[in-house]
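Asks: Pasting the sequence and the predicted coordinates here, then a few questions.
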Number of protein chains: 4
Amino acid sequence: MNLTPFSSAFRNGAGENKHILNTAAGIFAHKGYHQTTVDEIARALGVAKGTIYYHFKNKEELYLAIIREGVYLLEEQMRLDISGAGTAAGKIKKLIRGMLAFIEDKKDLVFLFLKELYGTNIQREDLAKMISASLGLIQAVIEEGVKDGSLKKVDPEITTRSLFGMIIISALHYISYARSIPHAQVRSSIEQVFFEGTVQPDTREE
Amino acid sequence: MNLTPFSSAFRNGAGENKHILNTAAGIFAHKGYHQTTVDEIARALGVAKGTIYYHFKNKEELYLAIIREGVYLLEEQMRLDISGAGTAAGKIKKLIRGMLAFIEDKKDLVFLFLKELYGTNIQREDLAKMISASLGLIQAVIEEGVKDGSLKKVDPEITTRSLFGMIIISALHYISYARSIPHAQVRSSIEQVFFEGTVQPDTREE
Amino acid sequence: MNLTPFSSAFRNGAGENKHILNTAAGIFAHKGYHQTTVDEIARALGVAKGTIYYHFKNKEELYLAIIREGVYLLEEQMRLDISGAGTAAGKIKKLIRGMLAFIEDKKDLVFLFLKELYGTNIQREDLAKMISASLGLIQAVIEEGVKDGSLKKVDPEITTRSLFGMIIISALHYISYARSIPHAQVRSSIEQVFFEGTVQPDTREE
Amino acid sequence: MNLTPFSSAFRNGAGENKHILNTAAGIFAHKGYHQTTVDEIARALGVAKGTIYYHFKNKEELYLAIIREGVYLLEEQMRLDISGAGTAAGKIKKLIRGMLAFIEDKKDLVFLFLKELYGTNIQREDLAKMISASLGLIQAVIEEGVKDGSLKKVDPEITTRSLFGMIIISALHYISYARSIPHAQVRSSIEQVFFEGTVQPDTREE
DNA sequence: GATGAATGAGTATTCATTCAT
DNA sequence: TATGAATGAATACTCATTCAT
């Protein structure tokens, strides 16, 4: 599978650019876009400020390259989780597991693009499109399950966002307190709710 | 209903402070903290810049007052939704409906505090504590349901975050594109997933 | 002896104005003119800011009233020291003693007008004239002593400044370290140098 | 003669830093710290404001660098005056002459550090220590003279301050009126008083 | 390719002063 | 007399960006 254009920043000059991106990502994630100065990134990299401008057009381009990379990597992760054969439910289970691992592994990136996604910063439009495209992967699985009858007749669009919300907010709950995620617990809890629901069959009302 | 101390910023000088907060909230939500200048807020209010500083210590205090107000109002909404008699499931349904309405009504505030909550900005600690306290209200309902047997034995902490994530991310999905939320649809979809799950009983796999 | 115009600020509304002046003097002396805010003075007085403007035209007028009072009081002190009968040397001794006591007693005022005198603040011209007039009192005593032959033929202008410098710098040396002045010691030391000089007669060289 | 570490601000970037310091010193001396804007200094230098901040952390650091330089230069001058062989009286004569010349030459710097020394501004502690150390040079000469019997038994600490006061206040008397110092006259007057005193031997009273 | 000195537009903040009550 | 809310001019400081070397 080829790298999509999203990851372009990482491809050319694979070495230096990637190095800058990784270092900058950590700082941006830690302090936010505006609190992070180009000086600071340069200092962390041990290069002169001008060098950064040699590799990236400006601060915003550098930032966006990082965000795009985050979205790209998340999408890669999702694609990996749902590829291959299996039922919709089976794929979703893999997806939950994979995303939790990804979020913990790439806290910085996840923080950054969530912030962009639901925040009001630069280029939200573009980003929203990118993340929507990624969520399309999940949505396709759900639609597939609904179609083949293995899943109930749910609204795929909303259910996709619900699943994404369950995973991401649960994970962030732990991460934002700098705790590590209790994977098994979170995974089984989300699976139980998402697949089986929370209400006892015999007490169902409505 | 009297305002509790949480809402203190709105009480004293009820008039002017509230006016400043409401106007500023819209601008902050629209442009983000750093893109919003105090000049701009003053202009929007039709007062001199000094007036803002007469009422609030500085830009950050103004911002935090807004965030706190958002959290406070959300908590009020939740409290209202789950008060009174009823089963856990009944309360949760009211909560879903109430929160969706609240999010749409107070987009600006919700945007702002979500950004703070999962972003890396100022005073996340305090804010995280406040929102955690609010989520405690949901958690109590879930624990109550588990205890009285009306809900399955789920992990209350994670399930609370899952429910919160389902609601908030689904709502933001629409709002971030400046679309209005299709309430009935979102509500029933979330309820279905949360209460009944998505998997067809007869196709359940382990 | 009547109050001179210098002290006018203290005369009318003797009560309130004097109260404001005294309080403000301490703050100005402690923090400097520009570091002291009118708000701060008002707070220290327990009145509203507007009240100060009711009593004084503006901040600068208030400040100058204090400075003038300092110069006026110093001059009063000097006048008292050199009044009455006695030799020039006797008067100068009283002057040294009186000035040391005054400086220690009114540190705040002395600080303030020295700062104005040799600093570059507002209205230095006026102030310099005032202090020069005061030093004229000393100069007259020296001239008198030179004339009646009790003092050597010294340049009265420079010798006056020298004497003033000896006293003020010696006193400030102690005060600026927040130590109290060892009066007897300083007095006798200054007297010895000023009257008898420091060189041993038998080792005098040209 | 190499510059000692005291003068570090002038050494590194010898060119630009020194240029900024000299220009700024004149403006600060002329208008005072708070009346001088960074904009003004930049304009006088013909550089952008940012350039000043590139070379100095902030306005205060720039100011203090100037003050330190003044104290340093004065100390150098004193050291030069009292170096070499000679009696205590001879050294003091050279000191008086040297200091008068220095004060007239570096009015700006002397104004500034006197203001700091006896004013109530920033970092007086540090400055007071520095000037005290410098005055230690004079005090050592006086102690030496007392020890070898060429000077009377005076209190070295107070006498040092007295001498310093005589010189500085006499010089400032002329300079503060923008007149030039009548060197010969001031020098001989101070020498006469300091060495021989002012009282006629045959009229001495107790 | 890399540097880092210089830039200058942009902004939060302060505070003396006013004036309607 | 006294107040204190409102003002707005004044200013220190930041930092992304450029460019000569």
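Replies: Here it is on my side, so go on.
Asks: For the spatially most central residue of chain A, list the residues it contacts.
Replies: Nearest to the geometric centre of chain A sits A:Leu74, at 4.5 Å (Cα atoms, centre = their mean). By Cβ atoms under 8 Å, 6 or more residues apart in numbering or on different chains, the contact list for A:Leu74 reads A:99, A:102, A:106, A:109-110, A:113, A:134. Where you see a C-beta, it was placed from the backbone N, CA and C, and this is true even at glycine.
Asks: Among these, which has the minimum pLDDT value?
Replies: Lowest pLDDT within the contacts of A:Leu74 is found at A:Phe113 (75).
Asks: Report how many residues lie close to the nearest residue to that residue once chain neighbours are set aside.
Replies: Nearest non-adjacent residue to A:Phe113, counting by Cβ to Cβ, 6 or more residues apart in numbering or on different chains: A:Gly70, 4.5 Å away. A:Gly70 sits with 26 neighbouring residues when counted by other Cβ atoms under 10 Å in any protein chain shown.
Asks: ok, back up a step: reformat the contacts of A:Leu74 as a markdown table; add distance to D:Phe195.
Replies: As requested, the contacts of A:Leu74 are exported to a markdown table (distance: Cβ to Cβ, whole Å):
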| residue | distance to D:Phe195 |
| --- | --- |
| A:Met99 | 91 |
| A:Phe102 | 88 |
| A:Lys106 | 82 |
| A:Leu109 | 81 |
| A:Val110 | 83 |
| A:Phe113 | 83 |
| A:Ser134 | 92 |
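Asks: just those residues now: which is nearest chain B?
Replies: Here the nearest of those to chain B, counting by Cβ to the nearest Cβ, is A:Val110; it sits at 9.2 Å.
Asks: tell me the SS of that closest one?
Replies: Three-state call for A:Val110 (DSSP: H, G, I helix; E, B strand; the rest coil): helix.
Asks: What helix or strand is the nearest residue to it once chain neighbours are set aside located in?
Replies: Nearest in space to A:Val110, with sequence neighbours left out and distances taken as Cβ to Cβ, 6+ apart, is A:Ile103 at 5.0 Å. Element membership for A:Ile103, per DSSP states H and E: helix A:88-105.
Asks: With A:Tyr177 instead?
Replies: Going by DSSP H and E, A:Tyr177 is not part of any helix or strand.
Asks: tally of neighbours for it?
Replies: Considering only other Cβ under 10 Å, A:Tyr177 is surrounded by 12 other residues.
Asks: Now do it against chain B, distance only.
Replies: 7 Å (Cβ to the nearest Cβ, to the nearest Å).
Asks: Those residues of chain A touching DNA strand E, which are they?
Replies: Residues of chain A lying close to DNA strand E by Cβ under 7 Å from any atom of the strand are A:13, A:16, A:47-51, A:53-55.
Asks: what residues are up against A:Ile167?
Replies: A:96, A:99-100, A:103, A:190, B:165.
Asks: how far off helix B:156-175 does the strand or helix carrying it point, in degrees?
Replies: According to DSSP H and E, A:Ile167 maps onto helix A:156-175. Counting by axes from the mean of the first three to the mean of the last three Cα atoms, to 10 degrees, helix A:156-175 lies at 130 degrees to helix B:156-175.
Asks: Show me the shaky parts of chain A.
Replies: A:1-15, A:117-125, A:178, A:202-206 (pLDDT under 70).
Asks: So which other helices or strands are in contact with the helix or strand immediately after the helix holding A:Ile167 in the chain?
Replies: Once the chain leaves helix A:156-175, the next helix or strand it forms, by DSSP H and E, is helix A:183-191. For helix A:183-191, the elements it packs on are helix A:88-105, helix A:156-175, helix B:156-175, judged by 3 or more Cβ pairs under 8 Å, 6 or more residues apart in numbering or on different chains; DSSP states H and E.
Asks: For DNA strand F, find the nearest of those helices.
Replies: helix A:156-175 (25.9 Å; Cβ to the nearest atom of the strand).
Asks: distance of A:Asp39 from B:Gln35?
Replies: According to Cβ to Cβ, to the nearest Å, A:Asp39 and B:Gln35 sit 21 Å apart.
Asks: Same drill for those two, tell me which one is more crowded.
Replies: Applying other Cβ under 10 Å to A:Asp39 and B:Gln35 shows that B:Gln35 carries more neighbours, namely 14 against 11.
Asks: Dihedrals phi and psi, that one?
Replies: Main-chain torsions, B:Gln35, degrees, to the nearest 10: phi -80, psi -20.
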